[in-house]
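Student: Quick one, fold the following:
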Amino acid sequence: MRLREYFCGAHKRNTVEELKKLIREVPDWPKKGILFYDITTLLKDKAGLQQLIDALAAQYSGKQIDLVLGIEARGFIFAPALACRLGAGFAPVRKPGKLPAETASVTYELEYGTDSLEMHRDAIQPGQRVLIVDDLLATGGTGRACVQLARELGADVAGMAVVVELEFLHGRSKLEDVDVFSLLQYSA
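Tutor: Numbering: from 1, shown residues only. I've put the predicted structure just below:
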């Protein structure tokens, strides 16, 4: 059975529920009223980590991904493993001042201020199909900025994959022109 077939229907539901059980919920962190979904407990579970990478790979198998972009910092955990599974390369998307060669950057709005992301100018060849990977989709600002940066460098953005999506923050609304796949969704 191919991975894509395995992660459809009942098998996918079982996998999602199994993975959610491995995520620790931490109330009132980083501040009172916030329920934090801590994926470190999932990462240390060897079977859970393997299931997670298998499920992400199944979603993009056969989609001719040339390059997987990992957003700092937790995107770095998943993107290289996924790139290996897809037969693609990996490129980091970093906070300013972390990359040694010439960079392209984009500044984006946060709830209280701005932030920036950078990539090496030569990380993407024009026309390459790229997949953007991160651990979390919350408000969508970081994802939107990464899409913008990749497109400015000539990429064909094939999609964005995240492990956890906080649906109640409506991050997808900033990514309507991108095929977004989230493995685990939380509605509140």
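
Student: can you tell me which strand in the protein is longest?
Tutor: strand 156-166 (DSSP state E).

Student: buried residues in that strand?
Tutor: Neighbour-count burial for strand 156-166 flags 157-166 (criterion: 16 or more other CB atoms under 10 Å). Just so you know, the C-beta spots here come from the backbone N, C-alpha and C atoms, and that holds for glycine as well.

Student: for stretch 171-186, same thing?
Tutor: 171-172, 174-175, 178, 180-184, 186.

Student: try stretch 32-50
Tutor: Of the residues in stretch 32-50, those buried (16+ other CB under 10 Å) are 37, 39, 42-43, 48-49.

Student: hang on, the earlier thing: off-centre distance for the following helix or strand past the longest strand of the chain?
Tutor: Counting by DSSP states H and E, the next helix or strand C-terminal to strand 156-166 is strand 180-186. Per CA atoms, centre = their mean, to the nearest Å, the displacement of strand 180-186 from the mean C-alpha position of its chain is 10 Å.

Student: which outside residues touch strand 180-186?
Tutor: By CB atoms under 8 Å, 6 or more residues apart in numbering, the residues outside strand 180-186 that reach it are 16, 19-20, 23, 37, 52, 55-56, 59-60, 137, 143, 159-168, 172.
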